[in-house]
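**Student:** I would like the atomic coordinates for the input below:
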Amino acid sequence: MDLENIKQEKEEVTEEIKSEVEDVNKTNIPNKPKSKLNFKWVWLAVTVIILAVVGVLIFNLGGFSKDLVATFNGGEIERTEFEKTFSQFSETPQVANMDLENPDVLTDLQEKILDDLISAKLILQKAEENSIEVSSEALDLRYDQVLTQAGGEEGLAKELSEFGVTMDELRDDLKDQIVIETYIGQTVDESSLTVSEEEIVEFHTTVSETDESMPPLEEIREQIKAFLQNQKFNQATNDLIEGLRTDANVKTFL
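**Tutor:** Here you go, the predicted model:
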């Protein structure tokens, strides 16, 4: 890693912990802070999953062949499926502010979206092999969370209309999202992702070197611990996905 990347990573870590520190100063934060559900991003996440699973069916008739962007482990992603997902992500503010006229930026975004589609399909395949199912109670709870975030039935109906999906399709998408979360939860051993006192002290010291406003360690010890645990969980999840990709003979054709 060159010095510029190290500097950038350090700045990102500093900004993230500063944000958590501001929350600490304002409220009493529990050991494991609750995240606020953002409906648009929840919907985009489940849209990726359902598009990855269902796609647009094209029959190979009369000599016509499928235009694929990826194949893996007996599965495939067609270009129509990929382009629909890409179009939906392009409507978000985060992507709208990107310079998609820049070939490098466009390619990076396309590869990221395709990687997400492939990862979703691979996890769902494994979940099916492990007979993971979703209870009606769990599905209703997730639906209620989305409904609340959307501001009620009217707000949800408006959001669904913008994405061109039905209420039944939404519930199917939420079910797939829960399946993915369940598989990751059963596969990644969170109890092994411990954070040592040395890691906490080292993190606090590193951030304090670039931010004099960093509170004393005693005041934010639990927040730092939760932050580092979350980092380890994310890394373990990424390692799991990379393992699935390695065994799946993934090929892409963007």
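
**Student:** just checking, Ala70 is part of a helix?
**Tutor:** No. Counting by DSSP: H, G, I helix; E, B strand; the rest coil, Ala70 is not part of a helix but strand.

**Student:** residue contacts, it?
**Tutor:** Ala70 sits next to 76-77, 82, 114, 117-118, 250-253 when contact means C-beta atoms under 8 Å, 6 or more residues apart in numbering. From N, CA and C alone the C-beta is placed, and that goes for glycine too.

**Student:** redo that, cut-off 7 Å
**Tutor:** Taking C-beta atoms under 7 Å, 6 or more residues apart in numbering as the criterion, Ala70 is in contact with 76-77, 114, 118, 250-253.

**Student:** filter these down to the buried ones.
**Tutor:** 77, 114, 118, 250, 252 (16 or more other C-beta atoms under 10 Å).

**Student:** helices along the stretch 101-250 of the chain, start to end?
**Tutor:** According to DSSP state H, counting those that start in this stretch, the stretch 101-250 of the chain carries its helices in the segments 103-129, 136-149, 153-163, 167-187, 197-208, 217-246.

**Student:** nearest to Phe89, of the ones you listed?
**Tutor:** Nearest of the helices of the stretch 101-250 of the chain to Phe89, taken as C-beta to C-beta: helix 103-129 at 5.9 Å.

**Student:** next, the angle helix 167-187 makes with the closest one.
**Tutor:** Interaxial angle of helix 103-129 relative to helix 167-187 (axes from the mean of the first three to the mean of the last three C-alpha atoms, to 10 degrees): 80 degrees.

**Student:** closest to Lys232 among the buried ones among the contacts of Ala70?
**Tutor:** Nearest member of the buried ones among the contacts of Ala70 to Lys232, counting by C-beta to C-beta, is Ile118, at 23.8 Å.

**Student:** could you check the pLDDT of the closest one?
**Tutor:** Ile118 carries a pLDDT score of 94 in this model.

**Student:** pull the contacting residues for it.
**Tutor:** Here Ile118 is in contact with 70, 72, 77, 245, 250 (criterion: C-beta under 7 Å, 6+ apart).

**Student:** distance of the first one relative to Arg79?
**Tutor:** This points to Ala70. Going from Ala70 to Arg79 by C-beta to C-beta, to the nearest Å gives 10 Å.

**Student:** now swap in Leu254 and tell me
**Tutor:** 9 Å.

**Student:** what residues do the two have in common as contacts?
**Tutor:** Shared contacts of Leu254 and Arg79, counting by C-beta under 7 Å, 6+ apart, come down to Val69.

**Student:** those two - which one has more neighbours?
**Tutor:** Arg79 (17 against 11; other C-beta atoms under 10 Å).

**Student:** what sits against the more buried one?
**Tutor:** Shown in contact with Arg79 (C-beta under 7 Å, 6+ apart): 67-69.

**Student:** same thing but at 6 Å, please
**Tutor:** 67, 69 (C-beta atoms under 6 Å, 6 or more residues apart in numbering).

**Student:** ok, it to Asn249 distance?
**Tutor:** For Arg79, the distance to Asn249 - C-beta to C-beta - is 20 Å.

**Student:** equivalent analysis for Val105, please.
**Tutor:** According to C-beta to C-beta, Val105 and Asn249 sit 29 Å apart.

**Student:** quick one: strands adjacent to the helix or strand harbouring Ile77?
**Tutor:** Under the criterion of DSSP states H and E, Ile77 resides in strand 75-78. According to DSSP bridges, strand 75-78 forms sheet pairs with strand 68-72 (antiparallel).

**Student:** just name the closest of the contacts of Ala70 to Thr187, please.
**Tutor:** Ile118 (17.4 Å).
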